[in-house]
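> here's my sequence, what's the structure:
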Amino acid sequence: MRNFGLSIREKSIVCIGFMGVGKTTVGKMLARRLYRNFIDVDVEIEKEFSMPIPQIFETYGEKAFREKEKELIRKFSQQPLNVISVGGGAFLQEEIREICMTNCVVLFLDITWESWKERIHILSDSRPLLKGRSLEDIERLFYERQSIYSLNHSTLQVDNFQAEEAAEYIADALKLSWEIHAPHSN
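All right, here's what the predicted structure looks like:
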């Protein structure tokens, strides 16, 4: 009897993790390696509103942003063969976690606080969440989110990987998993 749901091989892959961990960079490379579409949910939200995210928050508020985020994640997660990067805060919403965990393969790109701290100078200008926060506040936020991100299907510790290496490693691991779990004909 055939299951009419998507097979593990067809399910979209959702990249989660703290801001600046490489969800978009690794996600794009992974999509290329697996011949899939890449979708950055934040970019899609900006297209829908025709403005950058800080302006969406200012004009329409966070509630409108979160509703559009949920709508788009629901839409893209039900499609086959996508690699989807979700914003660092999206997965904090229980409904979004449930949508992703049910419909997709959720991949947590994990990083240690020590490694992430080395990236802060690159991120601080482009991330509104970092503005006006002390390093201690950011560290608290980092650790608070770790428990939420731990709800996933697979984790890759990215501290010692360049983006290209991480994408290659993930693609190889997924292909091996698909072979192991593929239905075998006699």
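
> low-confidence regions, this protein specifically.
Scanning the chain for pLDDT under 70 picks out 1-4, 121, 123-131, 182-186.

> now the strands for the protein?
Residue ranges of the strands in the chain, as given by DSSP state E, are 13-16, 37-40, 82-85, 105-110, 154-157.

> out of the ones you listed, which is the most enclosed?
Highest mean neighbour count of the strands of the chain: strand 13-16, a mean of 28 (counted as mean count of other CB atoms under 10 Å). (C-beta placed from N, C-alpha, C; glycine too.)

> ok, it: who's next to it in the sheet?
strand 82-85 (parallel), strand 105-110 (parallel) (DSSP bridges).

> put together JSON lines for those strands, with distance to residue 44 on each row.
As requested, those are exported to JSON lines (distance: least, CB to CB, whole Å):
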{"stretch": "strand 82-85", "distance to residue 44": "9"}
{"stretch": "strand 105-110", "distance to residue 44": "18"}
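
> how close does residue 73 sit to residue 50?
Noted for residue 73: a distance of 20 Å to residue 50, by CB to CB, to the nearest Å.

> which one of these two is surrounded by more residues?
More crowded of residue 73 and residue 50, by other CB atoms under 10 Å: residue 73, with 27 against 8.

> ok, the more buried one touching residue 40?
No: contact criterion CB atoms under 8 Å: residue 73 and residue 40 do not qualify, at 11.6 Å.

> overlap in contacts of these two?
residue 84 (CB atoms under 8 Å, 6 or more residues apart in numbering).

> with adjacent residues omitted, what lies nearest to residue 181?
The shortest distance from residue 181 to any non-neighbouring residue, by CB to CB, 6 or more residues apart in numbering, is to residue 8 (5.7 Å).

> which ones are touching that neighbour?
By CB under 8 Å, 6+ apart, residue 8 lies in contact with 105, 177-178, 181.

> the chain: helices as residue ranges?
23-34, 41-49, 53-60, 62-77, 94-103, 113-117, 120-123, 135-149, 163-181 (DSSP state H).

> most packed of those helices?
helix 23-34 (a mean of 21).

> elements contacting it?
With contacts taken as 3 or more CB pairs under 8 Å, 6 or more residues apart in numbering; DSSP states H and E, helix 23-34 sits against strand 13-16, strand 37-40, strand 82-85, helix 163-181.

> quick one: closest of these to residue 26.
helix 163-181 (4.9 Å; CB to CB).

> tell me what angle that closest one forms with strand 105-110.
140 degrees (axes from the mean of the first three to the mean of the last three CA atoms, to 10 degrees).

> contacting residues around helix 163-181?
8-9, 13, 22, 25-26, 29-30, 32-34, 105, 107, 109, 154, 156, 158, 161.

> if we go to 7 Å?
In this structure, residues lying in contact with helix 163-181 by CB atoms under 7 Å, 6 or more residues apart in numbering are 8-9, 22, 25-26, 29-30, 33-34, 107, 156, 158, 161.
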